[in-house]
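Visitor: one predicted model, sequence on top.
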Amino acid sequence: NKHLRTIAWIEEHLGRLDPYLGDYELSQIHRDCLGLQKLVNDLRAANRKRKTINSYLELVRRILNKAAYEWRDEKNLSWLEKAPRIRLLDTSDSRAPQPISWEDQRRLLPALANHLADIALFIINTGARSEEVRLLQWEWEVKVPQGVAFIIPDSVVKGNTVGERMLVCNEVAASVIERQRGKHGQHVFTYTPRGTDDEPRPIGYLNNTGWRMGCVRAGLPGLHLHDLRHTFGYRLRQAGVDKQTRSELLGHTTSDMTEHYSMADLDMLYREANKITAPIHADAVVT
């Protein structure tokens, strides 16, 4: 499965599943086995959303299904005679998107460490996913007359997008990029450990203590990085940008970059993305 875009995510989840199920035979794993029940209970005790718990259950179910219907031993027999049903949890507790207002933004950015403030401002103005930002590299930058843009490889792009996608940087996002130039030879966004003179390091996990504490200081406890992506989409809609263009800018489109944008297309995308560089009017955020 090394070809999968999500292989790193799968590897991480398998590592977390191992203490619960690592000593089980495949035939002993089912929805009522103690290991799986303990996993669910521990995740609930840690206040994990049901959607998060389901991501673990889905991975277990996928492995059991492959063991029953796809994988074979040296005698060409399946690893399991039959895959048990792993029932997923109802996700009615899923959190609704919460785009932030301009006033929220003015409180949030000063409350964050400099590198996180730059990342937050970049996401608000590009709609980039957190993983795209964390892994963003200088070699992905492309030269376009309109300004700054990056081609995100297929291996990094998440969601329903098929193939690589273009990340368009409006004037504010471009200014953030310019502040990063020269800091690191490979990665665009980096950080320097506090109290050290070390070289800048690539960004690790973004939803960290620094992010959460900054949100608390700004009076926005529980704010998710993904809410900033929703903010970008909300502000585009507020500015009158049509749905197709919003999809292009957010990377929801299913067309791949082999069909390169024309100059007129790029002019339009940059023009529309720059509509949200300043408040349009007093906004009331509606979820």
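Guide: Yep, that arrived.

Visitor: show me where the chain has its helices.
Guide: For the chain, helices defined by DSSP state H occupy the ranges 7-21, 34-45, 50-69, 102-111, 114-126, 130-134, 171-180, 209-217, 225-238, 243-250, 263-273.

Visitor: could you list the low-pLDDT ranges of this protein?
Guide: 5, 93, 158-162, 195, 253-260, 280-287 (pLDDT under 70).

Visitor: next one: stretch 173-181 to chain centre, how far?
Guide: Here stretch 173-181 shows a centroid-to-chain-centroid distance of 20 Å under the convention Cα atoms, centre = their mean, to the nearest Å.

Visitor: which other residues reach that stretch?
Guide: Residues outside stretch 173-181 that contact it (Cβ atoms under 8 Å, 6 or more residues apart in numbering): 118, 121-122, 125-126, 147-148, 169, 188-190, 273. Using the backbone N, CA and C atoms, a C-beta is placed for each residue, glycine as well.

Visitor: make JSON lines from the helices of the chain and add distance to residue 91 to it.
Guide: Converted to JSON lines, these look like this (distance: least, Cβ to Cβ, whole Å):
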{"stretch": "helix 7-21", "distance to residue 91": "18"}
{"stretch": "helix 34-45", "distance to residue 91": "13"}
{"stretch": "helix 50-69", "distance to residue 91": "5"}
{"stretch": "helix 102-111", "distance to residue 91": "26"}
{"stretch": "helix 114-126", "distance to residue 91": "25"}
{"stretch": "helix 130-134", "distance to residue 91": "21"}
{"stretch": "helix 171-180", "distance to residue 91": "32"}
{"stretch": "helix 209-217", "distance to residue 91": "23"}
{"stretch": "helix 225-238", "distance to residue 91": "16"}
{"stretch": "helix 243-250", "distance to residue 91": "22"}
{"stretch": "helix 263-273", "distance to residue 91": "32"}
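
Visitor: how about TSV for these, with mean neighbour count and distance to residue 194 added?
Guide: Output for the helices of the chain, formatted as TSV (neighbours: other Cβ atoms under 10 Å; distance: least, Cβ to Cβ, whole Å):
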stretch	mean neighbour count	distance to residue 194
helix 7-21	14	26
helix 34-45	15	31
helix 50-69	17	29
helix 102-111	16	16
helix 114-126	22	11
helix 130-134	20	19
helix 171-180	18	18
helix 209-217	16	9
helix 225-238	21	20
helix 243-250	17	33
helix 263-273	17	33
